[in-house]
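Enquirer: requesting a structural model of the entry that follows:
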Amino acid sequence: MANNNHGILNRYVLVLNQSYEPVMVTNAKRAVVLVLLGKAEEVVNYQEIVHSPSFQMPLPSIVRLSRYVRVRDKEIVLTRKNVLKRDNHRCQYCGRTSVPLTLDHVLPKQRGGGDTWNNLVAACHPCNVRKGNRTPTEATMPLMRRPHKPSRITYFQKFVRRRQADWRPYLFMEPAA
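Expert: Residues are numbered from 1 along each chain as shown. Below you'll find the model as predicted:
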């Protein structure tokens, strides 16, 4: 494929099972290959066209697998990136988004708090320092939202941007048209 396509080939594509259940989010390059191999069909496309000297096709936004794939209920991996994504890149104490964020243990590690979905939140550096080795209650710094373990659907919903408005019905964010 032509070099000018590399940027659009990194776009997110929602992959649906044959039953229209969301399975994963992948990049457009992988989705194009699935379509070309007959392993998936295009459901919704972006406006851009992917082309090479000998072929062209619309850039897929949503693809549906041709065969049903059994999906194990994979857990969302607990990583810094995923905690920040869950918390919308917003400090859970002051609400700021325009500053570098760290992770804060709601119950400090030194007091028995572990690295779990229910104990980690995004925090800006000033709030993290201010809270110190205390609980939010002790520091009189209430959390904006209680931390929780995200579901797969919730995780997929975080990928939806203006460009992916067509994904919304497939991710239970609005009724199908």
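Enquirer: break the protein into its domains for me.
Expert: 3-72+152-171, 80-131 (automatic domain parsing).
Enquirer: so which of these is nearest E138?
Expert: Of all the domains of the chain, it is domain 80-131 that lies closest to E138, at 8.6 Å by Cβ to Cβ. Bear in mind the C-beta positions are built from the backbone N, C-alpha and C, glycine included.
Enquirer: now the end-to-end length of the closest one.
Expert: 19 Å (Cα to Cα, to the nearest Å).
Enquirer: same thing with stretch 96-104?
Expert: End-to-end distance (Cα to Cα), stretch 96-104: 15 Å.
Enquirer: list the buried residues in it.
Expert: 101-104 (16 or more other Cβ atoms under 10 Å).
Enquirer: so which of those residues are in strands?
Expert: Under the assignment DSSP state E, the buried residues of stretch 96-104 contribute 101-104 to strands.
Enquirer: let me have the domains of the chain in CSV, adding distance to A139 and mean pLDDT as columns.
Expert: Shown next, in CSV, are the domains of the chain (distance: least, Cβ to Cβ, whole Å; pLDDT from 0 to 100):
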stretch, distance to A139, mean pLDDT
domain 3-72+152-171, 28, 90
domain 80-131, 5, 96
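Enquirer: export the ones you listed to CSV and tack on distance to T140?
Expert: Formatted as CSV, these follow (distance: least, Cβ to Cβ, whole Å):
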stretch, distance to T140
domain 3-72+152-171, 30
domain 80-131, 10
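Enquirer: relative to R146, which of these is closest?
Expert: domain 80-131 (8.1 Å).
Enquirer: which element follows the lengthiest helix in the chain toward the C-terminus?
Expert: Using DSSP state H to define each element, the chain has its longest helix at helix 28-36. Next helix or strand after helix 28-36 toward the C-terminus (DSSP states H and E): strand 40-51.
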